[in-house]
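Trainee: Just need the structure, nothing else, for what follows:
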Amino acid sequence: MTTTIYLVKDGDYTVSTDKSRLDISVIHHFLAQESYWAKDIPVSVVERTLAGSLCFGLYYRDRQIGFARLITDLASFAYLADVFVIPDYRGKGLSKMLMRAILDHPELQTLRRWLLVTQDAHELYRQFGFTEVPNPEKFMQLHNPNIYTK
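Mentor: Below you'll find the predicted structure:
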């Protein structure tokens, strides 16, 4: 995983890849309580996902207000996951700031393919060049959506 800390600032808002700044309680709360994709995820699983991912924290001053992570080899492929801005900070263009910071990261400029799954944010991602998969019949998955609620 990358060792260089990447930082983007816009006024009082910052995007950083410094894992030491991540507020695991904010990330876990959002994923476990507010997201539709990781409902009831245990904090131990969240900690493992952070350890194995390139993480982007979004901050207002020193308070974490958003997050995204990439599962990537830093060479040719990345899967974008767990993207969120907490509700009190939505509508300020911060998801766009977060996405721009991710896509502009200097260590990600050789990626040939980016993937993500979204239920409701298609228009956000389209603004950054994401499109529907043209041949979804080639993609396969092994999916266990209720793994955290057993």
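
Trainee: Tell me which helix or strand in this structure has the weakest average pLDDT.
Mentor: strand 7-10 (a mean of 91; mean pLDDT, DSSP states H and E).

Trainee: ok, the nearest residue to residue 85 once chain neighbours are set aside - contacts?
Mentor: With sequence-adjacent residues excluded and distances taken as Cβ to Cβ, 6 or more residues apart in numbering, residue 85 is closest to residue 66, at 4.0 Å. C-beta: built from backbone N, CA, C; applies to glycine. Residue 66 makes contacts with 57-58, 84-86, 89, 94-95, 98, as judged by Cβ atoms under 8 Å, 6 or more residues apart in numbering.

Trainee: how about a cut-off of 7 Å?
Mentor: 58, 84-86, 89, 94, 98 (Cβ atoms under 7 Å, 6 or more residues apart in numbering).

Trainee: so who does the residue positioned nearest the centre of the chain touch?
Mentor: Per Cα atoms, centre = their mean, the C-alpha nearest to the average position across the chain is that of residue 68, at 1.9 Å. Residue 68 sits next to 56, 80, 82-83, 98, 102 when contact means Cβ under 7 Å, 6+ apart.

Trainee: and the gap between the nearest residue to residue 87 once chain neighbours are set aside and residue 119?
Mentor: Nearest residue to residue 87, sequence neighbours excluded (Cβ to Cβ, 6+ apart): residue 34, at 7.8 Å. Using Cβ to Cβ, to the nearest Å, residue 34 is found at 13 Å from residue 119.

Trainee: hmm, back to that, now the one helix or strand the residue nearest to residue 85 maps to: average pLDDT?
Mentor: Assigned by DSSP states H and E, residue 66 belongs to strand 63-72. Across strand 63-72, the average pLDDT comes to 98.
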